[in-house]
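Asker: Quick one: sequence plus predicted model below, questions after.
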2 protein chains.
Amino acid sequence: MNQKYEIAFQGEHYAFSEIAAKNFLGEGTVCHPMPSFEDVFEAVRRGKPELGIIPIENTTSGSIHRNYDLLVEDGIQIVGEVNLRISLHLITPKDVQFEQLQKIYSHPAALDQCRNLIRTNPQIEFVPSYDTAGSVKLIAEKNLKNTGAIASEFAAQDYGMRILKKEIGDFQENYTRFLIISSKKISFGEPNKTSIVFSTRHIPGALFKSISVFFLRDINLLKIESRPLRGKPWQYLFYLDFSGNMEEKNCQNAIEHLKEITEFIKILGSYPAAK
Amino acid sequence: MNQKYEIAFQGEHYAFSEIAAKNFLGEGTVCHPMPSFEDVFEAVRRGKPELGIIPIENTTSGSIHRNYDLLVEDGIQIVGEVNLRISLHLITPKDVQFEQLQKIYSHPAALDQCRNLIRTNPQIEFVPSYDTAGSVKLIAEKNLKNTGAIASEFAAQDYGMRILKKEIGDFQENYTRFLIISSKKISFGEPNKTSIVFSTRHIPGALFKSISVFFLRDINLLKIESRPLRGKPWQYLFYLDFSGNMEEKNCQNAIEHLKEITEFIKILGSYPAAK
């Protein structure tokens, strides 16, 4: 891409979110690290920077539910998505051997993608932290002994550490899907995928009827995710991804039909599907 | 109940799982604390003890996905469920004032149910731990200064601490649904709810068709949850709860119909729905 973008992401430099952002927008992209997903949403809502990137699901560890919750709030739309293969490596200071390791830090989702390593090494304490690359940074800055981190190869290089074991994830085929968010409508190509969120009315077969509005119009459902409706026990928000964009009459009709069944509905955005 | 049961739970004594187990089985129940959910499943699989209790969803923070994943594995069935209102309190040593607090420990799900407290107190570090009651135990045993925990009122009493702030959760109406699991068929009354898990074949409208087998037979769907199929990127397992039990012809027909659409299916159990 020719235009140079600025984008906010959660974590430290060389986090997978930053790698995904540069894959999507180009190497020259200016990436702003932020401590939390809330900070990313808040920055993008203010338009500083204009874009944000958030992980939304991993094919091994599942959905990042906090980000689903944050997407419901006002002032944000989805303008793109990108998939990234997640290669997880065990990173340590240069003089540490595997047998010496007492602690390994990483993001909880990355730990959940390395269950085999955890199960076969009960002598090591696996410690959840806020970021993969941030775990490498922590070891480097605090000069921690007998300690490792699970992160990307780029994080190892940047903090002068080494990769002790390569590809320690449970599955080689391990991908994270990231969403690009903005407070403005920005086009990254022809939109062919749409994300929505809704809650249904208290009617029999409400979920069946909700899904049927797409099936009856030959619109392909790609993903469904349920989350609790906070403060309303045993009621749920449903997040749906489907093929098509909201400029198409067929999709507009489906949403009009869906409104007969729902109590709340929000279009999160139409955008080009990741390859 | 007259019979005295033994049951495994994750966490320390006075964890919400133990409170829920005693509500369901009676005060005389012998409860065995275990460090992880995996340990609970493994103990129940060996029949020592015969029962286990696991949290499966909270109405504020959502599903406990690790337990959904563990339910797929062999040798375990769901034999009961119980709902418990979760009252979260800020617990500290007796001489600590709120203004002195530097750290507050609790289980990540409990922290997620106290977002208001976290947002309005940026000066305090909120630290995730393995258990609510275990966080109180940690403070008591290590005699930690300027530190609090979020847990049940029973945990406060047992470890000689005090409740500094009552009911600090975001919502008064905050419930956790727990499942009772066993390796054997044990009856706690007339079953009227069934849980299943399945993955669909690659056919158009697979999810719609899966849900329609229940709608077409007037069987009420109570919950749907999707999880990644580990090692098969972008494929999902769907967990469904529906009204009815697998002794009923109507439910058997629905499952036979569902098998035409699914690649994998497992009946997790029929059991009496919680009141």
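Answerer: Here it is on my side, so go on. Numbering: from 1, shown residues only, chains lettered A, B, ... in the order given.

Asker: mind showing which ranges of the stretch 1-150 of chain A have poor pLDDT?
Answerer: Along the stretch 1-150 of chain A, the model assigns pLDDT under 70 to residues A:1-2.

Asker: interface residues of it facing chain B?
Answerer: Residues of the stretch 1-150 of chain A found near chain B (C-beta under 8 Å from any C-beta of the partner chain) are A:57-62, A:65, A:128. Where C-beta positions appear, they are placed from N, C-alpha and C, glycine not excepted.

Asker: Tell me which of those fall in strands.
Answerer: Taking DSSP state E as the definition of strands, the residues of the stretch 1-150 of chain A next to chain B contribute A:57-58, A:62, A:128.

Asker: ok, residues contacting the strand or helix carrying A:A21?
Answerer: Using DSSP states H and E, A:A21 sits in helix A:16-25. Applying C-beta atoms under 8 Å, 6 or more residues apart in numbering or on different chains, the contact partners of helix A:16-25 are A:1, A:5, A:7, A:9-11, A:29, A:31, A:33, A:51, A:53-55, A:80, A:82, A:84, A:86, A:132-133, A:152, A:154, A:176, A:178, A:180, A:188.

Asker: on that earlier part again, what's the closest of the residues of the stretch 1-150 of chain A next to chain B to A:N121?
Answerer: A:P128 (16.1 Å; C-beta to C-beta).

Asker: Count the residues that sit near the nearest residue to that closest one once chain neighbours are set aside.
Answerer: Nearest-residue entry for A:P128: A:P108, 4.4 Å, with adjacent residues in sequence omitted and distances by C-beta to C-beta, 6 or more residues apart in numbering or on different chains. Residues near A:P108, counting by other C-beta atoms under 10 Å in any protein chain shown, number 15.

Asker: so how far does stretch A:83-99 reach from one end to the other?
Answerer: With C-alpha to C-alpha, to the nearest Å applied, stretch A:83-99 spans 35 Å between its terminal residues.

Asker: Going by neighbour count, list what's buried in that stretch.
Answerer: For stretch A:83-99, burial by neighbour count (16 or more other C-beta atoms under 10 Å in any protein chain shown) applies to A:83-84, A:86-93, A:96.

Asker: Out of those, which sit inside strands?
Answerer: A:83-84, A:89-92.

Asker: Would you reformat those as a markdown table and include distance to B:A20?
Answerer: Formatted as a markdown table, these follow (distance: C-beta to C-beta, whole Å):
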| residue | distance to B:A20 |
| --- | --- |
| A:N83 | 40 |
| A:L84 | 40 |
| A:H89 | 41 |
| A:L90 | 38 |
| A:I91 | 41 |
| A:T92 | 42 |
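
Asker: Tell me which two of those residues sit farthest apart.
Answerer: Of all pairs in those, the most separated under C-beta to C-beta is A:N83 and A:T92 at 28.9 Å.

Asker: burial count for the residue of the stretch 51-200 of chain A found nearest chain B?
Answerer: The stretch 51-200 of chain A approaches chain B most closely through A:T59 (3.9 Å), counting by C-beta to the nearest C-beta. The number of residues packed near A:T59 is 24, by other C-beta under 10 Å.

Asker: The residue nearest to it when sequence neighbours are not counted: which element?
Answerer: Once flanking residues are discounted, A:T59 sits nearest to B:P233: 3.9 Å by C-beta to C-beta, 6+ apart. Per DSSP H and E: B:P233 is located in neither a helix nor a strand.

Asker: Could you measure from B:P233 over to B:S210?
Answerer: 20 Å (C-beta to C-beta, to the nearest Å).

Asker: tell me the secondary structure for A:D39?
Answerer: Following DSSP: H, G, I helix; E, B strand; the rest coil, the label given to A:D39 is helix.

Asker: so it touches A:G11, yeah?
Answerer: No. Judged on C-beta atoms under 8 Å, A:D39 makes no contact with A:G11 at a distance of 10.8 Å.

Asker: These two: who's more crowded?
Answerer: A:G11 (27 against 16).

Asker: so the more buried one sits right up against A:T132, yeah?
Answerer: Yes. Counting by C-beta under 8 Å, A:G11 touches A:T132, with 7.1 Å between them.

Asker: what is in contact with those two at once?
Answerer: With C-beta under 8 Å, 6+ apart as the test, A:G11 and A:T132 both reach A:H107.

Asker: Give me the pLDDT for the residue nearest to A:T59.
Answerer: Note on B:P233: pLDDT of 93.
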